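Asker: test case, fold it:
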Amino acid sequence: MIRQDASDPPVSLAEAQAYVRIETGEEEAVLAGLLRSASLMCEQFIGQALVARAFDETLRASSQWQRLGLTPVRSIGAIALVAGNGSETPLAAEDYAVDIDASGDGWVRLIQAADGDVVRVQAEAGMASDGNGVPEPLRQGIIRLTAYLFNARDGEGGEPPAAVTALWRPYRRMRLS
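Answerer: Sure thing, here's the model as predicted:
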């Protein structure tokens, strides 16, 4: 299970307003919500977090390498053993091993695993430190999808523009199980 902090969309509300040509603040809340939705849809499509944010992931306690679910991992911090009753015991650095590979996947393993327990891993993931560091094709796709959602909010508008997936596809990471 992954629990993560919310991150700001990589596109500002002002950028989205300019793109959809809204000059008044009457529909800002609607546009802000659509911007968040488009950003999450982008992350789900490409399989990566856009803007760096902290997350906790609960994994089974194992001496086998386990991949973290959010990527690209920027850092792996504290690891705690979580007992069946919910109590947590921070592990010493010599009790576990971590790795971040060249593709940004984070890996964790315990030196000696305890049966039935789980571990909580604290880490940070994201392609960029802030929205301006996100590659421009991803930002453009988010803006275009936000505009489409805004214009189609009354149930009209057809299919989302194909340009959105064309802009995002080069950044897509898919995992084979």
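
Asker: could you break the chain into its assigned domains?
Answerer: 2-49+130-171, 53-125 (automatic domain parsing).

Asker: now those domains as JSON lines including mean neighbour count and mean pLDDT?
Answerer: Placement of C-beta: from N, CA and C, glycine included. Shown next, in JSON lines, are these (neighbours: other CB atoms under 10 Å; pLDDT from 0 to 100):
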{"stretch": "domain 2-49+130-171", "mean neighbour count": "16", "mean pLDDT": "88"}
{"stretch": "domain 53-125", "mean neighbour count": "15", "mean pLDDT": "91"}
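
Asker: quick one: pLDDT of Leu176?
Answerer: pLDDT recorded at Leu176 is 67.

Asker: give me the contacts around stretch 94-113.
Answerer: 48, 59, 61-68, 70-76, 79, 91, 119, 121, 123, 125, 173 (CB atoms under 8 Å, 6 or more residues apart in numbering).

Asker: sorry, slip of the keys, the one I care about is stretch 124-131.
Answerer: Counting by CB under 8 Å, 6+ apart, 7-12, 48-55, 68, 70-75, 77, 104, 106, 133-135, 139 sit against stretch 124-131.

Asker: how much space separates Ile143 from Ala125?
Answerer: Relative to Ala125, Ile143 is positioned 23 Å away (CB to CB, to the nearest Å).

Asker: mind telling me what element the spatially most central residue of the chain is part of?
Answerer: Residue closest to the average C-alpha location in the chain (CA atoms, centre = their mean): Ala49, at 2.8 Å. Assigned by DSSP states H and E, Ala49 falls within no helix or strand.
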